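Peer 1: Only the shape, not the letters, is given here:
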């Protein structure tokens with residue numbers, strides 16, 4: 001958790017949700033400014049494609065729903081990289097999970113519920129939930145709807161206020 005000073009000079013902790021919203025805002029600034037992020041990353045054992053750039057690393061809870069199933073299956077917490085080509089991460093089992101931005105057939109951003117739901121081309125649905133959902137939402141909106149949508153997409157409305165202090 002990050003620490004910030006309030007107006008009286010006292011330090012206070014930001015909630016994980018506030019840290020994630022600030023990180024999402026930072027990603028918007030990077031993307032709109034054409035800045036390539038320079039962030040320290042852990043070694044997830046993922047091989048990047050030619051020209052692929054890692055934008056952020058996040059930890060989220062992953063749920064999936066196969067075509068025709070009524071319920072969701074929980075995979076647990078997943079460390080993921082948001083890149084210029086995909087969202088990719090390592091499952092608790094050690095297997096890789098990934099979905100290319102070009103393969104996403106639908107996207108629902110529900111930041112009030114801390115989740116982003118991605119529909120794959122094969123009928124599978126993926127729910128990425130947790131405090132870092134705003135960061136995933138920014139990457140998804142930028143890829144799927146274009147950079148202009150970062151300013152106007154209704155799912156990102158809660159990020160348009162001031163940074164959390």
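Peer 2: Structure received. Just so we're clear, the structure is a prediction, and the values are computed from it rather than from any experiment.
Peer 1: Point out where this protein drops to low pLDDT.
Peer 2: 1-12, 37-42, 162-165 (pLDDT under 70).
Peer 1: what's the longest helix along it packed up against?
Peer 2: For the chain, the helix with the greatest residue count under DSSP state H is helix 16-33. Secondary-structure packing of helix 16-33 (3 or more C-beta pairs under 8 Å, 6 or more residues apart in numbering; DSSP states H and E): strand 54-65, helix 133-145, helix 149-152. For every residue, glycine as well, the C-beta is placed using N, CA and C.
Peer 1: Next, the angle strand 54-65 makes with it.
Peer 2: 120 degrees (axes from the mean of the first three to the mean of the last three C-alpha atoms, to 10 degrees).
Peer 1: Which one of the helices and strands packed on helix 16-33 lies nearest to residue 74?
Peer 2: strand 54-65 (5.4 Å; C-beta to C-beta).
Peer 1: Which other helices and strands does that closest one contact?
Peer 2: Secondary elements touching strand 54-65 (3+ C-beta pairs under 8 Å, 6+ apart): helix 16-33, strand 73-83, strand 125-129, helix 133-145.
Peer 1: Apply 10 Å and report the result again.
Peer 2: Counting contacts by 3 or more C-beta pairs under 10 Å, 6 or more residues apart in numbering; DSSP states H and E, strand 54-65 packs against helix 16-33, strand 73-83, strand 86-90, strand 115-119, strand 125-129, helix 133-145.
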